[in-house]
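K.L.:
Pasting the sequence and the predicted coordinates here, then a few questions.
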Amino acid sequence: MNDHDPLVQVEIFGQTYSLRGAGQAGYLRELAAHVDTRMREISETTRTADTLKLAILVALNIADDYFQVRRSGTRTAERAWSGKAGEFAQILDRFLKEADH
């Protein structure tokens, strides 16, 4: 990923974000849609208005999904998750930084 990669506009929980990811606009949109869905699901059950707390709960839920796959012993699935985990962490980090502003 570098500064020359095109920006991709996504919407997560009513906020628009500009993301950048090495020629993977469709993948970034898919990630954003997944995070948006999870935020909406969790916001309905927790009733919290604090988006930072909500984002952390979503991150924990997604991390739990990842660990469940890891524990299942499925090496192919684990490699797929691990391959994208760094990118997802960067996207989540940007989301949390933008949520602070």
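P.N.:
Sure thing, it's come through. Not measured: the values here are computed from a predicted model. Numbers count the residues shown, from 1 in each chain.

K.L.:
Give the next helix or strand downstream of the helix or strand hosting Leu28.
P.N.:
Using DSSP states H and E, the element containing Leu28 is helix 25-46. Following helix 25-46 in sequence order, the next helix or strand is helix 51-71 (DSSP H and E).

K.L.:
just checking, what packs against that next one?
P.N.:
With contacts taken as 3 or more Cβ pairs under 8 Å, 6 or more residues apart in numbering; DSSP states H and E, helix 51-71 sits against helix 25-46, helix 75-100. For the C-beta atoms, the positions are set from N, CA and C on the backbone; glycine is no exception.

K.L.:
Lowest average confidence across those, which one?
P.N.:
Least confident of the helices and strands packed on helix 51-71, judged by mean pLDDT, is helix 75-100 with a mean of 65.

K.L.:
Could you count how many residues lie near Val58?
P.N.:
Using other Cβ atoms under 10 Å, Val58 is surrounded by 25 other residues.

K.L.:
how close does it get to Ala22?
P.N.:
As judged by Cβ to Cβ, to the nearest Å, Val58 and Ala22 stand 24 Å apart.
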